[in-house]
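*Asks:* Here is my input, please return the structure:
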Amino acid sequence: MLHVKFFAKARDVVGSSVSEIPWSDGQSVLQLKQALTEKHPGLQPMISRLLIAVNNDYAADDAAIRTGDEVACFPPVSGG
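*Replies:* All right, here's what the predicted structure looks like:
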């Protein structure tokens, strides 16, 4: 299982700050986004812009994730 943390609007949509996703080592960030929308359909509108951090670094869609990695999801933000 992969433990995924959610922040801001993503946390509100999921209804929790953490979710567990069935996982095999080496799957990509893109595969994680697909799994997240299957488990939490409310994320669909923001999934293409959702920022995924793996071990405290933002990761591209093709980056591999291992089950022991720290994974966090941040929705797009704006500020001024």
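
*Asks:* is it true that residue 6 touches residue 36?
*Replies:* No: contact criterion C-beta atoms under 8 Å: residue 6 and residue 36 do not qualify, at 9.2 Å. In short, each C-beta sits where N, CA and C put it, glycine included.

*Asks:* any common contacting residues for the two?
*Replies:* Common neighbours of residue 6 and residue 36, using C-beta atoms under 8 Å, 6 or more residues apart in numbering, are 19, 73.

*Asks:* so who does the most centrally placed residue in the chain touch?
*Replies:* For the chain, the residue lying nearest the average C-alpha position, counting by C-alpha atoms, centre = their mean, turns out to be residue 73 (4.2 Å). With contacts defined as C-beta under 8 Å, 6+ apart, residue 73 is in contact with 4-7, 10, 36, 50-53.

*Asks:* what do you get for residue 29?
*Replies:* Residues counted as contacts of residue 29 (C-beta under 8 Å, 6+ apart) are 52, 54, 59-63, 65.
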